[in-house]
Every structure is written in C-alpha cells, then in structure tokens.
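S.K.: Predicted model, plus sequence, below.
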Amino acid sequence: MKIATYNVNGVNGRLPVLLRWLAETAPDVVCLQELKAPQEKFPEEAIKDAGYGAIWQGQKSWNGVAILARNAQPKEIRRGLPGNADDEQSRYIEAVVNDIVIGCLYLPNGNPAPGPKFDYKLQWFEQFAKHAKQLLKEGLPVVLAGDYNVIPTEMDAYKPERWVEDALFRPESRAAFKKLVAQGWTDAIRKLYPNETIYTFWDYFRNAYGRNAGLRIDHFLLSPQLDKRLVAAGVDHHVRGWEKTSDHGPVWIEVRDE
DNA sequence: ATGTCCTCTCTTAGAGGA
C-alpha cells in the first residue's frame, strides 16, 4: 500500500499536475496540503473521475487539507485538532483507510520569526504533539503525513547556514520536531535513507530546482505498529520539474498489507 | 534585498502569503 503526501500549492491551479501524477503513480492514499480553495471549490468531480474518494477541509485563499483514497472513501475521524476548536485555519484532517489511521497536516510556516506567526506555529505544534501522543497510546498503525514546515537537521537544507534565522529551522522548531519524534515515532524517509540528501521542496526563486537547492520539510511519522510494515519510501522529484507545478514534490511510502 | 507564483479583490494591478 502506497501512501503519499503532496503540498499542491493550490488544488485548482495545479489540478492538471495533480491528475497527471495520480494517473502516473496511482498512490492508494494521498494527503494534500495548501488547497487554497474554499470548501465548495474543491475539485471533487475531477478527483472522483480519477478514481479517488476524498474528504477535505477547505478555507478561502489559504491552507486547506484533504485525504484521498483510491477506489475507496476515507472514513473521517476528525477535522481540526482536539482542543483547538477556535482555530480558524484548516490544517488538520484525519481518517481511517484500510485500518490505518491517516493524519494529514499542514503545520504553520511561522515566518517572520520571532513574532505572532511564529508563536502560532509553536502553539499549533504543541497542540499537535499532544494529539500525536494520544494517538500513540491507542496502539494502532498510524501515519502523520504532511508539510511540517520544519527542516529537522542540517542535512535537510541545501545551505543550512542561510536558514538559521528562519522559522523552518530555528532551534525552537527543530526542538519541537525532535521532541515529537521522541514520543516514539519513526521519520520514515530518514530511517530508510539515513545518510542521503533528500529534498521535498524547492523554492520558485533563483532556479532552486535546477540547482537542487532544496529543503526536506514534508515528513511521514509512523507509529511502531506501522513502522514495522515500512518497505520503501521516496520523492517523486521529477514532478517538481513539470509546467505549472507546486514548489513541493510528492513524497511517498510503501507499507506491507496486513 | 532579491527572486516566483498562488489567490483574492475596493479586479485586469496590487496585496498578502509562502
């Protein structure tokens, strides 16, 4: 079973790219972020015609998350984080597909830092970590997939020294990610590729993709019950080279069926 | 500082966000 995450950067603006990638790689589950579309403008029909059931939480202009399942309907567990009821930003949605709990997240960017946006990032992170801990306690196969907006280590940035003041790489962000993983999660990409340079995002500026000046900020965290089933992972980085493409590439893992 | 590209609006240019 192949599970993917993809920050599409506008689900309608990128629809041809999304559909082309779905047809080419046929992932079983897809977590999408940055829909940038209100609830009623999600391209439900086109995605259904491509063979995918979907649940989504939209928002005008910004954010927005969705879970797609091939030839199936994701069974929704929740939208929004528990304890975050007054959060107006659509950043989390959770469903069960094939007995696997799929948490799809779009963690706040947090720039400029320091400032209120960075405070919001850290507060959201804390709420998310609290929920993640609860999920671990349930002992189920769980994947938390999405755009974490965190560069975990120096290995994960083309020029880490350029990012030290940035909300994606500040010590507080890295520490929050590290603390989350330490609850008992496995960073799937890093587990399978402990020493390789792997990027999931390339800025639109300065030909970043052409120079492979990227960042690794889209992650899969696996609970122990899913980690033991992990067989492969990768980045469909060629998609980042397509016309009218997102600044992120799709990232995927493959897990054994049980 | 800059670069690019998305979406929305007091819309066809500019603002805000990433």
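M.R.: Great, that's in hand. Computed from a predicted structure; not experimentally measured.

S.K.: dump the residue contacts of the closest residue to residue A:22 other than its chain neighbours.
M.R.: Of all residues not flanking residue A:22 in the chain, residue A:50 sits nearest, at 5.1 Å (C-beta to C-beta, 6 or more residues apart in numbering). No exception for glycine: its C-beta is placed from N, CA and C like everyone else's. With contact set as C-beta atoms under 8 Å, 6 or more residues apart in numbering, residue A:50 has these partners: A:19, A:22, A:23.

S.K.: ok, now with 10 Å
M.R.: Going by C-beta atoms under 10 Å, 6 or more residues apart in numbering, residue A:50 touches A:15, A:18, A:19, A:20, A:22, A:23, A:26, A:43, A:68, A:70.

S.K.: and if you look at residue A:107?
M.R.: With contact taken as C-beta under 10 Å, 6+ apart, residue A:107 is in contact with A:33, A:91-92, A:121, A:124-125, A:128, A:146-150, A:168, A:173, A:176-177, A:217, A:219.

S.K.: Now do the same for it: its pLDDT.
M.R.: Residue A:107 carries a pLDDT value of 97.

S.K.: Just want the phi and psi numbers for it.
M.R.: The phi/psi pair for residue A:107 (degrees, to the nearest 10) reads phi -70, psi 140.

S.K.: Look up how far residue A:254 lies from it.
M.R.: Between residue A:107 and residue A:254 the computed distance is 24 Å (C-beta to C-beta, to the nearest Å).

S.K.: how about the nearest residue to residue A:111, chain neighbours excluded?
M.R.: Nearest non-adjacent residue to residue A:111, counting by C-beta to C-beta, 6+ apart: residue A:167, 4.4 Å away.

S.K.: On the three-state scheme, the one you found is what?
M.R.: Classification of residue A:167 by DSSP: H, G, I helix; E, B strand; the rest coil places it in coil.

S.K.: That one - how many residues pack around it?
M.R.: If you count neighbours by other C-beta atoms under 10 Å, residue A:167 ends up with 22.

S.K.: Also residue A:194?
M.R.: Neighbours of residue A:194 (other C-beta under 10 Å): 9.

S.K.: Same check on the one 3 residues further on?
M.R.: When neighbours are defined as other C-beta under 10 Å, residue A:197 has 12 of them.

S.K.: I figured it hits residue A:189, correct?
M.R.: No. Residue A:197 is not in contact with residue A:189 according to C-beta atoms under 10 Å; the separation is 11.3 Å.

S.K.: any shared contact partners between those two?
M.R.: By C-beta under 10 Å, 6+ apart, the residues touching both residue A:197 and residue A:189 are A:156, A:216.

S.K.: Tell me how far the residue nearest to residue A:22 lies from residue A:26.
M.R.: As judged by C-beta to C-beta, residue A:50 and residue A:26 stand 10 Å apart.

S.K.: Common neighbours of these two, please.
M.R.: Common contact partners of residue A:50 and residue A:26 (C-beta under 10 Å, 6+ apart): residue A:70.

S.K.: Find the helix or strand that residue A:134 is a member of.
M.R.: In this assignment (DSSP states H and E), residue A:134 forms part of helix A:116-137.

S.K.: packing partners for that helix?
M.R.: Packing contacts for helix A:116-137, counted by 3 or more C-beta pairs under 10 Å, 6 or more residues apart in numbering; DSSP states H and E, involve strand A:92-97, strand A:100-106, strand A:142-147, helix A:171-181, strand A:218-222.

S.K.: quick one, what contacts residue A:75?
M.R.: A:53, A:55, A:67, A:69, A:94, A:95, A:96, A:97, A:98, A:101, A:102.
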